[in-house]
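> no sequence for this one, just the structure:
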């Protein structure tokens, strides 16, 4: 049985859910994949860092975070002076990078992943920034080191989008896709159907922790645009930056419009799409009125959908219901298993 | 570049679509997978057989079939005395088995696939019989020979169901599934919504070549039951035969019932399902009334859907629109690529 040493940059809801899922799956990973692991390093924004090459006590680490204490007490090594120092000192085989997204240039996550790959670690992230800003570079670096750069959780949480095309749809060409990739705006539009104003629906999404204090990244379509860019980069092989995605948010839609359209059998959805054309890939995010004959019509609340048009199948749709930190964590776990299994 | 010799048992709509798809993808398979192929043997029910270790002219073979002539004229070898003689004489690396399904015991397809595997060929089929009657046996035989037994096209045509769980959802446990897997009954129920009687809808499905002259295999739920059994055998690891699937068809549903339900916001669908319970897997096929909140509600005509409940994600649904011989052919091609790629 091969044992892998794991390091975690970022240990918020997703990192903690991943740690719990790994423990729950420990026996199954050993039995099905002959695979074991040791969590050796964690670094956080607000709760310090801990490194122990003999393995950290994950239950204690989770309790320390829950109690708002500092992880340093678990560490058998000096507190790292920098993130690169931490990555180096961890001596891990796999790095899980879960810092917040940077729409502009993907940093500092790109640097973290690059450092890990250069040290011969597999680099796994739920952070969309590095996918849209450094996909080619990190993938080539990984290949040159015989390692993997994987990021299944960046679009539709743990639903298998990237691995679908990587392994389950060989020799298929992706011609176009469309979908609903931003949970917050879909939840807001769903709430507006019941009569809530835009502001009320935003406040509700914030109250349950779906929308951030500044919700503009969702509402103005940035989160959706970066996901479109990630899919175009990886699945269509065309380098597109989020700023190159034509983008229109939902800020101007009123609940009167929403309800009037619904009465006419149409729903507003923030539709993400991209299509190959002779002039290159056209990518956009924009509110659209969707009829009941579309699988998007019944995609409500935080559920998401992707529809793929290829050269070999009819339209193929994937719908993921009930996402959350635990499903994002599953995408990271799946990446780990796929990274360390022989290809 | 590795060259694989291909043999085809059965060369009807699906076999011909596969031959055309292989030719269309020849350049792409070479470029992306460093993979080439030679079609060396074809045997049919009504158009004879042809074997040429140097490679058959596939365009001519397709013309011969279109003209209702006999393939023997292409052959450089003696006409095989039996199917086993054909398999042996083909000296192929990959066998595509596409004979009609036998619900009872999976024969003669099981024997064909077994013979191919014993001779060291990869065995690929769109035939559901061998999956429900000999999945464990053929999979173990394949493993013992270092080859693959693959069958992606047996459920939802070429949509990636089996490969999704094989490679894209590692360490996931399938707890239950439900779906619409039989195109003919779904088309009949869709037509009945517009006022056609059951008999008229069946006649329409026959007129466009979807339903067979004796449509009972579809209408009484046998085709759906065998697909449920295939998924339970492979994805849940439990040996279930089609006869063990609780089965109710759509013969007794009237168009009055269909239209009355539709007026109340419900649609009749022939729902396939299976669920792990403490007493084992409960599997069934039965008409159900489905509301607009279900992704199944809008699955019309020949479109199909599978919904999976796992221990790691929320409900994951896959919808395939516009199936046909070309999408079944793609599933066979995908199996070929996956079989010969290093695992």
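That came in fine, so what should we check first? All figures in this text were calculated on a predicted structure; none of them were measured in a lab.
> Flag the shaky bits of the stretch 201-343 of chain A, pLDDT-wise.
Within the stretch 201-343 of chain A, the ranges that satisfy pLDDT under 70 run A:342-343.
> can you give me the helices for it?
A:216-219, A:222-235, A:255-263, A:325-340 (DSSP state H, counting those that start in this stretch).
> and those, which is most packed in?
Mean neighbour count (mean count of other C-beta atoms under 10 Å in any protein chain shown) peaks for helix A:222-235 among the helices of the stretch 201-343 of chain A, with a mean of 26. Where C-beta positions appear, they are placed from N, C-alpha and C, glycine not excepted.
> Run the chain-centre distance for it.
11 Å (C-alpha atoms, centre = their mean, to the nearest Å).
> can you list contacts of it?
Contacting residues not belonging to helix A:222-235 are listed as A:101, A:103, A:128-129, A:131-132, A:135-136, A:151, A:154-155, A:161-162, A:165, A:174, A:177, A:181-182, A:184-185, A:216-218, A:238-245, A:247, A:270, A:272-274, A:281, A:283-285 [C-beta atoms under 8 Å, 6 or more residues apart in numbering or on different chains].
> again, only this time at 6 Å
With contacts defined as C-beta atoms under 6 Å, 6 or more residues apart in numbering or on different chains, helix A:222-235 is touched by A:103, A:128, A:131-132, A:135, A:154-155, A:165, A:174, A:181-182, A:217, A:238, A:240, A:242, A:245, A:247, A:272, A:274, A:281, A:283, A:285.
> Stretch A:83-97 now?
A:4-9, A:40-41, A:43, A:51, A:53, A:77, A:80, A:109, A:112-113, A:115-116, A:121-125, A:127, A:332.
> can you check stretch A:53-62 too?
Counting by C-beta under 6 Å, 6+ apart, A:19, A:38-40, A:50, A:74, A:91 sit against stretch A:53-62.
> so how far is it off the chain centroid?
Averaging C-alpha positions (C-alpha atoms, centre = their mean) puts stretch A:53-62 25 Å from its chain's average.
> From the opening residue of it to its closing one, how far?
Start-to-end span of stretch A:53-62 (C-alpha to C-alpha, to the nearest Å) is 18 Å.
> Next, the buried residues of it.
A:56, A:58, A:61-62 (16 or more other C-beta atoms under 10 Å in any protein chain shown).
> about what we covered before: let me have the helices of the stretch 201-343 of chain A in CSV, extended by distance to residue A:199.
Converted to CSV, the helices of the stretch 201-343 of chain A look like this (distance: least, C-beta to C-beta, whole Å):
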stretch, distance to residue A:199
helix A:216-219, 11
helix A:222-235, 19
helix A:255-263, 10
helix A:325-340, 27
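> before we move on, back to that, buried ones among the contacts of stretch A:53-62?
By 16+ other C-beta under 10 Å, the contacts of stretch A:53-62 give A:19, A:38-40, A:50, A:74 as buried.
> Tell me which of the residues you listed fall in strands.
Here DSSP state E is the test, and the buried ones among the contacts of stretch A:53-62 give A:38-40, A:50 as lying in strands.
> which two from these end up farthest apart in space?
The largest separation in those, counting by C-beta to C-beta, is between A:38 and A:50 at 13.2 Å.
> residues in chain A within reach of chain B, list them.
A:25, A:28, A:158, A:160, A:163-164, A:167-171, A:295, A:312-322, A:327, A:330, A:334, A:337 (C-beta under 6 Å from any C-beta of the partner chain).
> Identify the residues contacting residue A:241.
Counting by C-beta under 6 Å, 6+ apart, residue A:241 has no contacts.
> Kindly report the same for residue A:281.
With C-beta under 6 Å, 6+ apart, residue A:281 has these contacts: A:232, A:236, A:238, A:274.
> And for the nearest residue to it once chain neighbours are set aside, the neighbour number?
Closest residue to residue A:281 apart from its sequence neighbours, by C-beta to C-beta, 6 or more residues apart in numbering or on different chains: residue A:238 at 4.8 Å. Neighbour count for residue A:238, taken as other C-beta atoms under 10 Å in any protein chain shown: 15.
> Next up, phi/psi of residue A:238, please.
phi -120, psi 130 (degrees, to the nearest 10).
> just to revisit the earlier point, just the buried residues of the contacts of stretch A:83-97.
A:4-9, A:40-41, A:43, A:51, A:77, A:80, A:109, A:112-113, A:115-116, A:121-125, A:127, A:332.
> Can you tell me which of the residues you listed end up in helices?
Secondary structure defined by DSSP state H assigns A:109, A:112-113, A:115-116, A:332 of these to helices.
> quick one: which two of the residues you listed are the most distant?
A:115 and A:332 (18.6 Å).
> any chance you could map the strands in chain A?
Using DSSP E, strands in chain A cover A:2-9, A:35-43, A:49-51, A:94-97, A:122-125, A:149-150, A:174-180, A:246-247, A:266-277, A:280-291, A:304-310, A:316-320.
> How about residues contacting the third one?
Among residues not part of strand A:49-51, those counted as contacts by C-beta under 6 Å, 6+ apart are A:41-43, A:56, A:71, A:74-75, A:77, A:80, A:89-90.
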